[in-house]
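S.K.: Any chance you can model this:
(chains A and B)
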Amino acid sequence: MTVPSFADPVEPAGATVGSGPPEEATRRGVGADLWRAVAHNRKALVGLGLLLFFLLLAAIPGQIAPDDPRAKIYPRGLGPSLHHLFGTTAYGEDVFSQLVFGTRQSILIAFAVGGLATLIAVLVGVSAGYLGGTTDGILSLITDVILVIPIFPLIIVIAAYERNSGLLTLVVVLGVLGWSYGARQLRSQTLSLRRRDFLEAARVRGERKSYVILHEILPTMTSLILASFLGAALYAVLFAAGLQFIGLGDPNSQSWGTMLYWAENNEALGAGMPYWAIMPGVCVALLGAAFALLNYAFDEISSPSLRLRKLERKGVDVEPETAVPARSPDPKNILEVRNLSVAYASEQGAVVAVDDVSFELAKGEFLGVVGESACGKSTLVYAVARLLGAPLAGEITNGQVLFKGRDMVTLADKELRHIRWRDYSVVMQSAMNALNPVLTIGAQMRDACEAHSTMTKRQIENRSKEVLRLVSIDSVHLQSYPHQLSGGMRQRAMIAMALLFTPELIIMDEPTSALDVVGQRSLMVQIKELQEQLGFAVVFVTHDMSLVRHFSDRLLVMYAAQVAELGQTRQLFEKPLHPYTEGLLDAFPSIHGAKEHLVGIPGQPPDLLRPPASCRFAPRCPYVFGRCEAERPRLLEVEGELVRCFLREQAAEPVPAQREGVA
Amino acid sequence: MRFIARRLGFFLVTLWAAVTLNFLIPRLMPGNAAIAMMGRYKGHVNPQALHALEVAFGVNAHQSLLSAYFTYLGNIVRGDFGISLTFFPDTVTHQVLQALPWTLALVGVTTIFAFILGTVIGLVSGWRRGSTLDGALPPLFVITSAFPYFWLALLAIWLFSIKLGWFPESGGYEVTTTVGWNWTFVTDAFNHSVLPALTIIVTAIGGWILTMRNNMITVLTEDYVRMARAKGLKPWRIMWTYAGRNAILPNLVGFAMSLGFVVGGAILVEYVFNYPGVGWMFLQSVENQDYALMQALFLMITVTVLLAILAADVATAILDPRTRERG
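M.R.: Numbering: from 1, shown residues only, chains lettered A, B, ... in the order given. Next up is the predicted model:
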């Protein structure tokens, strides 16, 4: 049986869903992973410790308590002493013994109600999510109705008719009313799983629905089911104690709630027996806290975004291979990136996503940054724009980013804020996600204007209309919300926003990838026209080399966090020097070229957590030879281009840094 | 406004479900509690009180279950809940309306206050993730949210009333003061409400801090927050208009969903403090087996919670332009 690994957690509902099957793991592997996660989480440890403590009390109360809890044999209302840790009750019973014996009922209620409510929640939630249609409609409505009806008053009404009802009634009523929150969560999780490939595969295989639910869906929801159980257990402990406290439980039962009932009836707090009233509540609170802490901890364990990771700097600060000597920047360049390295923190250690990258960008130049996904190209440009941070804790570990002569890496946040958007702006991949859904386009433009200028309201409006006209959008859309625009319009609106201050540099991260081919083409033409008209420089990230063929001046090809090749666009297309560039050229059709046979690059990029000490492309390279798997290739200068490949060594000149020397 | 229309529909369905539950519960109990109860009261109370019970349960020997149900529905629509046994010969409706302002003032105000305060703390805590504030508050409130309301109320009375004598022990006002809009009464009522209010706030706030904090952390990974940084907006503006305004949307849904839970706790707080509100009266009616009053109060509590949820829906529609259109 496949069980999900806790290291590969279930995404929260609505998160982007991958297509792969849940990671296969052995039962022992899961246990070990879970244990490691718990052992590293202080909240989980405290919660688990408390729970184990109460389980022990519930299991062997006779061995722990000094007295029979019902023996009314002591002087009444004694204060705490060595014999009576928490004193005695108004009836002459030992409070401590009563507490110990009362544990069992709370634990029983918690686990029975938790189990019952979770069972119903799983049945209802998973069926609703998986079956869909009318079934889903009806089940969801029932779930929502039960969710909003105030449960506790309802339970009191039921208990009022069923006075002094036994434990079983209590468990059934609490369980039958307490499942709705969990069912809601499980339903949305199932909905998001339904679209995954591995379920599609099971359906195609012709598996029965019950099989799919039991063997494919449930195992991936372990953490949600656990959360549902813990939530229901917490609520059961609190509600049961509340019911008993107001006298709707069995007054002869051994429980914390009943103790509180008798304590309150005898005004224990005012009558000098405070521990009689305080300690049962402490126990309820501690057991409740145990469930709440475990729930909170599992939430953290199962959704990685809630965990805060700190970058381990050890082993990350590698000496750059070609240290660029300190020299003042060339005034014809708008941007000079020198030996830039960026690392992400991960559970397994630091991942170097950008490894010693250097490039220059002249004023008004168009540079394309290309490579497969996860090669570090987006990380590179976001590091340049100083926009690293959430969702992943990326950090610049080395290097300089000289923008108009100032080092952006060492710039304070406040100084940085003043040059953002005025001097350089950013266009992101999906305007749908990059535009604030609750503000109009006009309001989002006004924001930027107000942050950087003293323009009047009228001036801001005029400027906003002007930039919208530049990208051929009607100015009525200043009043539109992002979701009211089409995909292409949103993308152009974001470009318009980037033009508000006519900055000298615009960083574009796959601005066209959300569009269809026709839309991509017309947007590229528009970007190029604007660039020629306004004269800004562009750094353009894309995975599709053919897209930028006719628009970019130079291309930077990245592979596995490093520069593979850097040169003139035309030269790269006509005579690629790196085997990887060659592979990329074969992987995409030319927009208006002849029909060609497309060959992808076989294999996967290396794991950046432990990159090989040899050539990173060697395992996928058709020209690989002995040296590639033994040594690390350096960046060579060949015919005015830079390339990282042993094949080009004969034609190479000395590395650029050494050639240029100290200025 | 299709969104609001749909939520209004849901409101009506839930209301109907609560009314029907109210009708069915006495009949579903083993041995038909309603009939048994009627037998017990016959001869002990006068015909008017007996009628009160008949109305509350829809019990009438000459009626079928279905027609009893419709009589019951008709009475509810007219606001006729019969006569209270506890406060005989006063009507249930009159009694309920007397208790309502106390609860609205105490539970209503403190719940909203706790929600707003919890949301703001959660927002700041998520924004300054990993700070001292964020390290201390969320785990602390995980623990306080597990406290039983009534127990905290007991402790508060013991410490602040019995030991320190800062606040009155119980009740909504001193019986010696005249009820009305005079200064003595208002300050006195306020003094009486401090401890119950604090109890509700301390226990209710934790849940909202935690959900808001987690929403905030999720929203901070969104591209529009990165875009706001790219635009060079002031951190204050990013925190409120970009991250906060989006993170509060799921919290409003959470507010609606946990309201029933909070109200359940508030009932116990009123009970412990002998606070003359709906919750206290509800438990009094349970104790006195005044079922007509009890059932009317249960409906009352449910309707109030549902209205609050509707208000949260309206707030969502105002804050999120997408719900306004998608419906």
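
S.K.: For the closest residue to residue B:254 other than its chain neighbours, which three-state class applies?
M.R.: Excluding its sequence neighbours, the residue lying closest to residue B:254 (C-beta to C-beta, 6 or more residues apart in numbering or on different chains) is residue B:211, at 4.8 Å. The way it works is simple: take the backbone N, C-alpha and C, and place the C-beta from them, glycine included. Here residue B:211 is helix, with the state taken from DSSP: H, G, I helix; E, B strand; the rest coil.

S.K.: Okay, buried residues for the helix or strand hosting residue B:69 please.
M.R.: In this assignment (DSSP states H and E), residue B:69 forms part of helix B:65-77. For helix B:65-77, the neighbour count (16 or more other C-beta atoms under 10 Å in any protein chain shown) marks B:68, B:69, B:72, B:75, B:76 as buried.

S.K.: again with stretch A:39-54
M.R.: For stretch A:39-54, by 16+ other C-beta under 10 Å, it's A:41, A:43, A:44, A:46, A:47, A:48, A:50, A:51, A:54.

S.K.: Tell me, how many residues neighbour residue A:612?
M.R.: For residue A:612, the count of nearby residues is 14 (other C-beta atoms under 10 Å in any protein chain shown).

S.K.: So residue A:396 versus residue A:336, what's the distance?
M.R.: In this view, residue A:396 and residue A:336 are 15 Å apart by C-beta to C-beta, to the nearest Å.

S.K.: what's the answer for residue A:410, then?
M.R.: Applying C-beta to C-beta, the value for residue A:410 to residue A:336 is 14 Å.

S.K.: The two: which has the busier surroundings?
M.R.: Per other C-beta under 10 Å, whichever of residue A:410 and residue A:336 has more neighbours is residue A:336, with 21 against 10.

S.K.: Can you list the low-confidence ranges for the stretch 51-200 of chain B?
M.R.: B:51-63, B:88 (pLDDT under 70).

S.K.: residues in it within reach of chain A, list them.
M.R.: Residues of the stretch 51-200 of chain B found near chain A (C-beta under 8 Å from any C-beta of the partner chain) are B:129-130, B:138-139, B:142-143, B:145-152, B:154-155, B:157-158, B:162.

S.K.: Which element is encountered next along the chain beyond the host helix or strand of residue B:125?
M.R.: Using DSSP H and E, residue B:125 maps to helix B:109-127. Remark: after helix B:109-127, the chain's next helix or strand is helix B:132-144, criterion DSSP H and E.

S.K.: Buried residues of that following helix, list them for me.
M.R.: So for helix B:132-144, counting by 16+ other C-beta under 10 Å, buried means B:134, B:137, B:138, B:139, B:141, B:142, B:143, B:144.

S.K.: which residues in the stretch 201-327 of chain B form helices?
M.R.: With DSSP state H, counting those that start in this stretch, the ranges of helices along the stretch 201-327 of chain B come out as B:223-230, B:235-237, B:245-273, B:278-287, B:291-319, B:321-326.

S.K.: For residue A:126, which non-adjacent residue is spatially closest?
M.R.: Here the residue nearest residue A:126, using C-beta to C-beta, 6+ apart, is residue A:190, at 5.2 Å.

S.K.: Measure how buried that neighbour is and give me the count.
M.R.: 27.

S.K.: cool, residue B:256 as well?
M.R.: By other C-beta under 10 Å, 22 other residues sit near residue B:256.

S.K.: Can you pull the residues of the stretch 351-500 of chain A lying near chain B?
M.R.: Counting by C-beta under 8 Å from any C-beta, the residues of the stretch 351-500 of chain A close to chain B are A:385, A:387, A:389-391, A:416-422, A:425-426, A:428-430, A:433-439, A:447-448, A:451-452, A:481, A:483-484.

S.K.: Closest residue of the stretch 1-150 of chain A to chain B?
M.R.: Proximity of the stretch 1-150 of chain A to chain B (C-beta to the nearest C-beta) peaks at residue A:150, 3.8 Å away.

S.K.: Wait, that residue touches residue B:260, no?
M.R.: Yes: at 3.8 Å, residue A:150 counts as touching residue B:260 under the criterion of C-beta atoms under 8 Å.

S.K.: SS state for the nearest residue to residue A:407 once chain neighbours are set aside?
M.R.: Among residues not flanking residue A:407 along the chain, residue A:400 sits closest, at 5.1 Å (C-beta to C-beta, 6+ apart). Assigned with three-state DSSP, residue A:400 falls in the strand class.

S.K.: residues in contact with residue A:400?
M.R.: Residues in contact with residue A:400, defined by C-beta atoms under 8 Å, 6 or more residues apart in numbering or on different chains, are A:336, A:337, A:338, A:339, A:340, A:407, A:409.

S.K.: Looking at those, which are in strands?
M.R.: With DSSP state E as the criterion, strands contain A:336, A:337, A:338, A:339, A:340, A:407 from among the contacts of residue A:400.

S.K.: what about the third one, how many neighbours?
M.R.: For residue A:338, the count of nearby residues is 25 (other C-beta under 10 Å).

S.K.: Residue A:170 too?
M.R.: Applying other C-beta under 10 Å, I find that residue A:170 has 27 neighbouring residues.

S.K.: quick one: which helix or strand includes it?
M.R.: Judged by DSSP H and E, residue A:170 forms part of helix A:167-177.

S.K.: what does that helix rub up against?
M.R.: Contacting residues not belonging to helix A:167-177 are listed as A:105, A:108-109, A:112-113, A:115-117, A:120, A:146, A:151, A:154-155, A:158-159, A:162, A:232, A:235-236, A:239-240, A:243, A:249-250, A:253 [C-beta under 8 Å, 6+ apart].

S.K.: Using the three-state scheme, assign residue A:354.
M.R.: Here residue A:354 takes the strand state, with states given by three-state DSSP.

S.K.: Report the contact partners of it.
M.R.: The contact partners of residue A:354, by C-beta under 8 Å, 6+ apart, come to A:340, A:341, A:342, A:376, A:379, A:380, A:383, A:561.

S.K.: want to try JSON lines for those, with neighbour count, pLDDT and distance to residue B:99 as columns?
M.R.: Formatted as JSON lines, the contacts of residue A:354 follow (neighbours: other C-beta atoms under 10 Å in any protein chain shown; pLDDT from 0 to 100; distance: C-beta to C-beta, whole Å):
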{"residue": "A:340", "neighbour count": "23", "pLDDT": "93", "distance to residue B:99": "69"}
{"residue": "A:341", "neighbour count": "21", "pLDDT": "92", "distance to residue B:99": "68"}
{"residue": "A:342", "neighbour count": "25", "pLDDT": "91", "distance to residue B:99": "63"}
{"residue": "A:376", "neighbour count": "25", "pLDDT": "88", "distance to residue B:99": "66"}
{"residue": "A:379", "neighbour count": "25", "pLDDT": "91", "distance to residue B:99": "62"}
{"residue": "A:380", "neighbour count": "25", "pLDDT": "94", "distance to residue B:99": "66"}
{"residue": "A:383", "neighbour count": "26", "pLDDT": "92", "distance to residue B:99": "63"}
{"residue": "A:561", "neighbour count": "27", "pLDDT": "91", "distance to residue B:99": "68"}
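
S.K.: What's the local residue count around residue B:240?
M.R.: Residue B:240 - counted by other C-beta under 10 Å - has 13 other residues nearby.

S.K.: how far away is it from residue B:323?
M.R.: Plainly put, residue B:240 is 20 Å away from residue B:323 if you go by C-beta to C-beta.

S.K.: Ok, residue A:634 next?
M.R.: Going from residue A:634 to residue B:323 by C-beta to C-beta gives 57 Å.

S.K.: which secondary structure elements does the helix or strand following the helix holding residue B:69 contact?
M.R.: Downstream of helix B:65-77, the first helix or strand assigned by DSSP H and E is helix B:92-103. Judged by 3 or more C-beta pairs under 8 Å, 6 or more residues apart in numbering or on different chains; DSSP states H and E, helix B:92-103 is in contact with helix B:278-287, helix B:291-319.

S.K.: Off-centre distance for helix B:92-103?
M.R.: Distance of helix B:92-103 from the chain centroid (C-alpha atoms, centre = their mean, to the nearest Å) equals 15 Å.

S.K.: what does it rub up against?
M.R.: Contact partners of helix B:92-103, identified using C-beta under 8 Å, 6+ apart, comprise B:52, B:79-84, B:86-87, B:172, B:266, B:270, B:275-281, B:292-293, B:296-297, B:300.
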